[in-house]
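**Q** turn this into a model:
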Amino acid sequence: MTASPVRATFEKLLREFHRLPQVQPREPTLLEITGFQHQELLASNVLAFYLDPAKPHGLGSTLLATLLDLVAHPDAERIQHADVRTEVYTDQGKRLDLVIDARTVLMGIENKIYHEAVNPFEEYRCYLEQISGGRLWYGILLTLRPIAPSPAFYGFQPISYPQLFQALLQRIGGTLLSAREPYLTFLRDFIRTISDLSRETSMDAATLSFFRDNQVDIERLLEGIDQLRTEMRQKLQTLKSLIDTSVCAFPITPGFWRSQTMLSDILVYEVNASSSVAVNLIIHAKPTGWMINLHNAKGDQPSHRAALEDFLRMRGIAMRPRNFPNVWRLGYGSDSLAYDAPLSQVQEEVQGFLRQISQSPDRE
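**A** Numbers count the residues shown, from 1 in each chain. As a prediction, the model looks like this:
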């Protein structure tokens, strides 16, 4: 295939991608921020709190009645008291995640977020039968996604979190006025966290279909992007070898950086000029051309910005503000250097800056 058809394929690909519905960035839940969203014990503790009608959440027996409904208990609405325990050990030393004693009925819950259901369900069954004292009891296997019943579960009924949450949300409306904050917010956060974990993919159907239908062309495009990234880094490494940092009177440290989501590569020189100014000389290599930006590595507060501007102004260094979203930068030098311009031209601009900042400040 010649270069022209390849380019036409990529351009068509990009046009189709731009037509996809824009997806808003997903905001993390509180549990995701803590990093504990995958831990079954945490989920069991949250469930235990909301399963206990006496706890101060203000939802009464809503969650407890929801679970009893799902196992077809005949008097779910009448259950108003429960003793809820977590990590209950059987006589054989096996641990059951939750045991709920609601006086007339007993429930044992094995909570599964990611691990497979290979627990000693026969031992759990014997334990529940023993402590039930002849009362009705239910065993529940609570899973992230729906699974089929199995004789290996010894009477424990599989219920998925999506099933539980759907039934809970249908029932919870009547208790919203009595529910208390922040516990209602915590419950909503818990539901959203576990619901997101239960999804096989977080990508919307249209985007997933686009990637599936265009996989071969996308992979070829990614190969081209990878080649470009490699070339940009090689250019910056060559540029670094050309730059004579000895012309700078201050300590200077070079480094490379790139973003995985941007088509650019960066060579940074940090010039430690004073106690209040450390100039980041940021050299961008991009397909659209070369760009040089300045930033105070000491910080991004207004005082740091003012210190950098004063430092540059006293040395007669021309600068201009960059209109970047969310970040503050000063522009330096020419923005007209093409990507394929001789590296000597970029070198001249960098060397010129290093010489200028080494000059004595003009205090007039």
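
**Q** helices or strands next to the regular element (helix or strand) spanning residue 14 in the packing?
**A** Assigning secondary structure by DSSP states H and E places residue 14 in helix 3-18. Counting contacts by 3 or more C-beta pairs under 8 Å, 6 or more residues apart in numbering; DSSP states H and E, helix 3-18 packs against helix 215-242. The C-beta positions use only the backbone N, C-alpha and C, and glycine is treated the same way.

**Q** picking up where we left off before, show me which residues of the helix holding residue 14 are buried.
**A** 9, 13 (16 or more other C-beta atoms under 10 Å).

**Q** can you check stretch 165-176 too?
**A** In stretch 165-176, residues buried by neighbour count (16+ other C-beta under 10 Å) are 165, 167, 168, 171, 172, 175.

**Q** what residues does the third one make contact with?
**A** Residues in contact with residue 168, defined by C-beta atoms under 8 Å, 6 or more residues apart in numbering, are 62, 63, 66, 191.

**Q** again, but for residue 267
**A** Neighbouring residues of residue 267 by C-beta under 8 Å, 6+ apart: 236, 239, 240, 254, 255, 256, 282, 283, 285.

**Q** bridging residues for the nearest residue to residue 156 once chain neighbours are set aside?
**A** Spatial nearest neighbour of residue 156, excluding adjacent residues (C-beta to C-beta, 6 or more residues apart in numbering): residue 139 at 3.7 Å. In this entry, residue 139 is beta-bridged to residue 108, residue 156, by DSSP bridges.

**Q** look up how far residue 66 lies from residue 139.
**A** Going from residue 139 to residue 66 by C-beta to C-beta, to the nearest Å gives 17 Å.

**Q** and residue 222, by the same measure?
**A** When residue 222 is compared with residue 66 (using C-beta to C-beta), they lie 46 Å apart.

**Q** one more: residue 56?
**A** Note on residue 56: its distance to residue 66, by C-beta to C-beta, is 19 Å.

**Q** please say which of those two ends up with more neighbours.
**A** Summary of the neighbour comparison: residue 56 and residue 66, criterion other C-beta atoms under 10 Å, with residue 66 having more neighbours (22 against 9).

**Q** can you point out the helix or strand that includes the more buried one?
**A** For residue 66, the enclosing helix or strand under DSSP H and E is helix 62-70.

**Q** what about the nearest residue in space to residue 85 that is not next to it in sequence, how many neighbours?
**A** Nearest-residue entry for residue 85: residue 99, 5.0 Å, with adjacent residues in sequence omitted and distances by C-beta to C-beta, 6+ apart. Residue 99 has 22 neighbouring residues, counting by other C-beta under 10 Å.

**Q** which of the three states applies to residue 99?
**A** The three-state label given to residue 99 by DSSP: H, G, I helix; E, B strand; the rest coil is strand.

**Q** wait, what's in contact with it?
**A** With contact set as C-beta under 8 Å, 6+ apart, residue 99 has these partners: 84, 85, 88, 106, 107, 108, 109, 128, 131.

**Q** against residue 16, how distant is the second one?
**A** So the one you mean is residue 85. As defined by C-beta to C-beta, residue 85 lies at a distance of 55 Å from residue 16.

**Q** care to break the chain down by domain?
**A** The record's domain parsing of the chain by automatic domain parsing lists 3-25+202-213, 30-198, 225-357.

**Q** reformat those domains as JSON lines; add mean pLDDT.
**A** As requested, these are arranged in JSON lines below (pLDDT from 0 to 100):
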{"stretch": "domain 3-25+202-213", "mean pLDDT": "80"}
{"stretch": "domain 30-198", "mean pLDDT": "92"}
{"stretch": "domain 225-357", "mean pLDDT": "93"}
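
**Q** wait, is residue 279 part of a strand?
**A** Yes. Inclusion of residue 279 in a strand is indicated when three-state DSSP is applied.

**Q** that one reaches residue 309, doesn't it?
**A** No. With contact defined as C-beta atoms under 8 Å, residue 279 and residue 309 do not form a contacting pair (11.2 Å).

**Q** same drill for the two, tell me which one is more crowded.
**A** Legend: neighbour count by other C-beta under 10 Å for residue 279 and residue 309, higher for residue 279 (28 against 17).

**Q** quick check: bridge partners of the more buried one?
**A** Taking DSSP bridges, one finds residue 271, residue 296 as the beta-bridge partners of residue 279.

**Q** tell me who's in contact with it.
**A** Neighbouring residues of residue 279 by C-beta under 8 Å, 6+ apart: 269, 270, 271, 273, 294, 295, 296, 297, 308, 311, 357.

**Q** mind checking how far the first one is from residue 349?
**A** If I follow you right, that is residue 269. When residue 269 is compared with residue 349 (using C-beta to C-beta), they lie 12 Å apart.

**Q** between these two, who's got more neighbours?
**A** Taking residue 269 and residue 349 together and counting by other C-beta under 10 Å, residue 269 has the greater number of neighbours (20 against 16).

**Q** now the more buried one: how far from residue 240?
**A** Distance, residue 269 to residue 240, by C-beta to C-beta: 9 Å.

**Q** much appreciated, bye for now.
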